[in-house]
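In: Return atomic coordinates for the entry below.
(chains A and B)
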Amino acid sequence: MTVTRFAPSPTGYMHIGNLRTALYSYLIGKHDGGKFILRIEDTDRERLVEGATDVIKSTLNMTGLLWDEGPDVGGDHGPYVQSERKEIYMEYAKKLVEMGHAYYCFCTKERLEKLHEEDAMGGYDRHCRNLSKEEVEANLAAGIPFVIRQKMPTEGVTSYHDEVFGDISMNNEELQDQILMKADGYPTYNFCHVIDDHLMGVTHVVRGSEYLTSTPKYVLLYDAYGWERPTYVHLPLLMGKDAEGNISKLSKRHGAVSFQDLVADGYLPEAIINYISLLGWCPKGGEQEFFTLDELKEAFTIDGVSKSPSVFDFEKLLWFNGEYIHKLEDERFTELIAPFIKVEIPENINKTRMLALLKTRIAKLSEINERMAFFITLPEYEKELFLNKKNKIADFEIVKTVLTEAKAILTDVQSFDNDTLFASLMPIAEKLSIKTGTLMWCIRIAVSGLTATPGGATEIMEVIGKEESLKRIDLALEKLI
RNA sequence: GGCCCGUUGGUCAAGCGGUUAAGACGUUAGCCUCUCACGCUGAAAACAUGGGUUCGAUUCCCGUACGGGUCACCA
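Out: Purely as a prediction, here's the structure:
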């Protein structure tokens, strides 16, 4: 059975690139009915951010990436928070020392810093690699702080297979004797993720391609313990493009790049998931572009994952988001939009009708206030707004006539709904021998103060009601005098 | 700098030796229409580059250029 995991470290917000990794990992796990594990990698005690784990969990919950094992839900391989597994790592590290694949290192930070100053790319000089057993015992007994380092082979080549990138080989001389256990007794990522992945039965390691060149070191660890290597699936990076057109790893300088930023800006989780699923992956045939999470589970295969990095395109996300919003049930839309509405909606406004008009015209929820403002307050406008070449309105006489006629009719209209309004006003066009467009153009501007509006004149009047409509027409008439 | 990886329109991308090189976003010209939006019909726009291999390379191999990643007591 396929078992995948998402193993973030709780250091802050949920980066969109991280979310994509979680998504792909989830999809690979679930594609053929396997398991998806959530593991919290909190071994860096200095970078811990309070509440970050909750952000991770809520993001996963909101997007539907539910984990089968992990915090809150438990499982047979817990605990799923690395800080609670501390003893396990030390035990395995010591075992590795005994087997001759790791060693104690007593070098001070100062010495290491000096080494770095002398040669920034030189790495550790393996000073403690060949300490005698007696020296080690003595140092340990004296309580000198230590770390445990992996003993890398100094020659030869280490190779592994990656499902996306193919075969990767590294000369062993490139490999550093990396630290497995830190002086504070916590393991490094380089070590504990291997232990955990093995212990938790992870079959597919899915992560960003920044790990491509360090994976040989991990593979060596599996080999040292005599464990079966997992299947590696490295994902291409997510990039961003800045104002100057430069492309680099997606980061804050490119805008809102955390899941919660996007949600706060009015993007729907489903739209975000749909969009990022297509960033670096393409379904067989490459045609379908709308996917629910279930459809993604069905369609997702590793051979559709791309090797080259992709640039995150906010324009296209916006388009996706608009599509998702437009397809929302009115009721659901009303529910979702509520927290974004920052103003009091007056009594006269038919909120249901207004939201229905707006729903199909906004691309993200945060646009709502700006888009509905004219319903609530008539914008300031000059009478010249009525002039329009296409409708052959060159002077204000026709506008005045139309509005006067309209006013007379509207005063007597009982039911102020769109159909009735339209039917009642149409005779004016006939009487004056003007086109529907011309007729409505005059009225629409009078009741909206805008040349482009969501919905037509009669729809707007339905929203703002009889009293307000007449008031706005009167105001227009005054302007025209 | 060493090592690793990548390179199809502005962006996401299909393609897996022979194609008029799909599709989507964006841009743009129209149509529709009660303006806008939707929808519909079009348009412009791409195989980084030089060598091979082959009857034939966008596709396979090598070099070059460009881009990215990585070399931490961070993950």
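In: Where does chain A get nearest to RNA strand B, residue-wise?
Out: Nearest residue of chain A to RNA strand B, counting by Cβ to the nearest atom of the strand: A:G456, 2.6 Å away. All C-beta atoms are positioned from the backbone trio N, CA, C, and that covers glycine.
In: so who does A:G185 touch?
Out: Applying Cβ atoms under 8 Å, 6 or more residues apart in numbering to A:G185 gives the contacts A:K86, A:M90.
In: did I read that right, it in a strand?
Out: No - counting by DSSP: H, G, I helix; E, B strand; the rest coil, A:G185 is located in no strand; its state is coil.
In: distance of it from A:L439?
Out: Per Cβ to Cβ, to the nearest Å, A:G185 is found 81 Å from A:L439.
In: same check, this time on A:Q178
Out: The value you get for A:Q178 to A:L439, if Cβ to Cβ is used, is 77 Å.
In: next one: phi and psi at the residue of chain A closest to RNA strand B?
Out: phi -90, psi 180 (degrees, to the nearest 10).
In: residue contacts, it?
Out: A:M440, A:R444.
In: got the phi/psi numbers for A:P10?
Out: Backbone geometry at A:P10, expressed as degrees, to the nearest 10, gives phi -80, psi 70.
In: Can you report how many residues lie near it?
Out: For A:P10, the neighbour count with other Cβ atoms under 10 Å is 20.
In: thought it was touching A:R45?
Out: No - at 11.2 Å, A:P10 does not count as touching A:R45 under the criterion of Cβ atoms under 8 Å.
In: re earlier: same drill for A:Q178 and A:L439, tell me which one is more crowded.
Out: Using other Cβ under 10 Å as the criterion, A:Q178 and A:L439 rank with A:L439 on top: 24 against 17.
In: Is the more buried one within a helix or a strand, and which one?
Out: Counting by DSSP states H and E, the element that carries A:L439 is helix A:436-448.
In: How about A:Y232?
Out: Using DSSP H and E, A:Y232 maps to strand A:231-235.
In: mind listing what's buried in stretch A:107-122?
Out: A:C107, A:L112, A:L115 (16 or more other Cβ atoms under 10 Å).
In: swap in stretch A:161-176?
Out: A:D162, A:E163, A:V164, A:F165, A:I168, A:M170, A:L175.
In: distance between that stretch and the chain's centre?
Out: Its chain's C-alpha centre and that of stretch A:161-176 lie 30 Å apart, by Cα atoms, centre = their mean, to the nearest Å.
In: got it, and stretch A:264-283?
Out: On Cα atoms, centre = their mean, the centre of stretch A:264-283 falls 7 Å from that of its chain.
In: Kindly report the same for stretch A:246-262.
Out: Stretch A:246-262 sits 9 Å away from the centroid of its parent chain (Cα atoms, centre = their mean).
In: List the buried residues of it.
Out: A:L250, A:H254, A:V257, A:S258, A:F259, A:D261, A:L262.
In: Look at A:I409 and say how many residues are nearby.
Out: Close neighbours of A:I409, defined as other Cβ under 10 Å, add up to 14.
In: do the strand holding A:Y232 and RNA strand B meet at all?
Out: No - residues of strand A:231-235 contacting RNA strand B under Cβ under 7 Å from any atom of the strand: none, with a closest distance of 8.4 Å.
In: Can you confirm whether the helix or strand just after that strand lies near RNA strand B?
Out: Next helix or strand after strand A:231-235 toward the C-terminus (DSSP H and E): strand A:238-241. Yes - Strand A:238-241 comes into contact with RNA strand B (Cβ under 7 Å from any atom of the strand), by way of A:M239, A:K241.
In: other SSEs contacting strand A:238-241?
Out: Packing partners of strand A:238-241 (3 or more Cβ pairs under 8 Å, 6 or more residues apart in numbering; DSSP states H and E): helix A:16-31, strand A:247-249, strand A:310-311.
In: what do you get if the cut-off is 6 Å, keeping everything else the same?
Out: Packing contacts for strand A:238-241, counted by 3 or more Cβ pairs under 6 Å, 6 or more residues apart in numbering; DSSP states H and E, involve no helix or strand.
In: In its sheet, which strands sit next to it, and in what direction?
Out: Strand A:238-241 sits in its sheet next to strand A:247-249 (antiparallel), strand A:310-311 (parallel), going by DSSP bridges.
In: Columns distance to A:T2 and mean pLDDT on top of those strands, output as CSV?
Out: As requested, the strands paired with strand A:238-241 are exported to CSV (distance: least, Cβ to Cβ, whole Å; pLDDT from 0 to 100):
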stretch, distance to A:T2, mean pLDDT
strand A:247-249, 29, 85
strand A:310-311, 25, 95
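In: which element follows the worst-scoring helix or strand of chain A on mean pLDDT toward the C-terminus?
Out: Ranking every helix and strand in chain A by mean pLDDT, DSSP states H and E puts strand A:247-249 at the bottom, with a mean of 85. Next in sequence after strand A:247-249, counting helices and strands by DSSP H and E, comes helix A:259-264.
In: Show me the strands in the stretch 101-250 of chain A, by range?
Out: A:102-105, A:147-150, A:157-162, A:166-171, A:179-181, A:204-208, A:231-235, A:238-241, A:247-249 (DSSP state E, counting those that start in this stretch).
In: These: which one's closest to A:T360?
Out: strand A:238-241 (29.6 Å; Cβ to Cβ).
In: hmm, back to that, counting by contacts, list what the strand holding A:Y232 packs against.
Out: For strand A:231-235, the elements it packs on are strand A:204-208, judged by 3+ Cβ pairs under 6 Å, 6+ apart.
In: now the angle between strand A:157-162 and the strand it packs on, please.
Out: Put simply, strand A:204-208 runs at 100 degrees to strand A:157-162, going by axes from the mean of the first three to the mean of the last three Cα atoms, to 10 degrees.
In: Could you see whether RNA strand B lies near strand A:204-208?
Out: No - applying Cβ under 7 Å from any atom of the strand, one finds strand A:204-208 separated from RNA strand B by no less than 7.9 Å.
In: Most widely separated two among the buried residues of stretch A:246-262?
Out: Within those, two members stand farthest from each other by Cβ to Cβ: A:H254 and A:F259, at 14.6 Å.
In: Isn't A:F340 up against A:I362?
Out: No - when contacts are counted by Cβ atoms under 6 Å, A:F340 is not listed as touching A:I362 (9.8 Å).
In: Those two: who's more crowded?
Out: Neighbour count, other Cβ under 10 Å: between A:F340 and A:I362, A:I362 has more, with 22 against 16.
In: Name the nearest residue to that one, ignoring sequence neighbours.
Out: Closest residue to A:I362 apart from its sequence neighbours, by Cβ to Cβ, 6 or more residues apart in numbering: A:R371 at 5.8 Å.
In: Repeat that for A:I40.
Out: A:V81 (4.5 Å).
In: The top helix by length along chain A - what's its average pLDDT?
Out: If you go by DSSP state H, chain A has its longest helix at helix A:457-480. Averaged over helix A:457-480, pLDDT sits at 97.
In: and it, which residues are buried?
Out: Within helix A:457-480, the residues scored as buried using 16+ other Cβ under 10 Å are A:457-466, A:468-470, A:472-473, A:476-477.
In: so what does that helix touch, helix or strand wise?
Out: Other helices and strands packing on helix A:457-480, by 3+ Cβ pairs under 6 Å, 6+ apart, are helix A:351-359, helix A:396-412, helix A:418-432, helix A:436-448.
In: wait, does the longest one contact RNA strand B?
Out: When you say that, I think you mean helix A:396-412. No - using Cβ under 7 Å from any atom of the strand, we find that helix A:396-412 stays clear of RNA strand B, coming within 11.6 Å at best.
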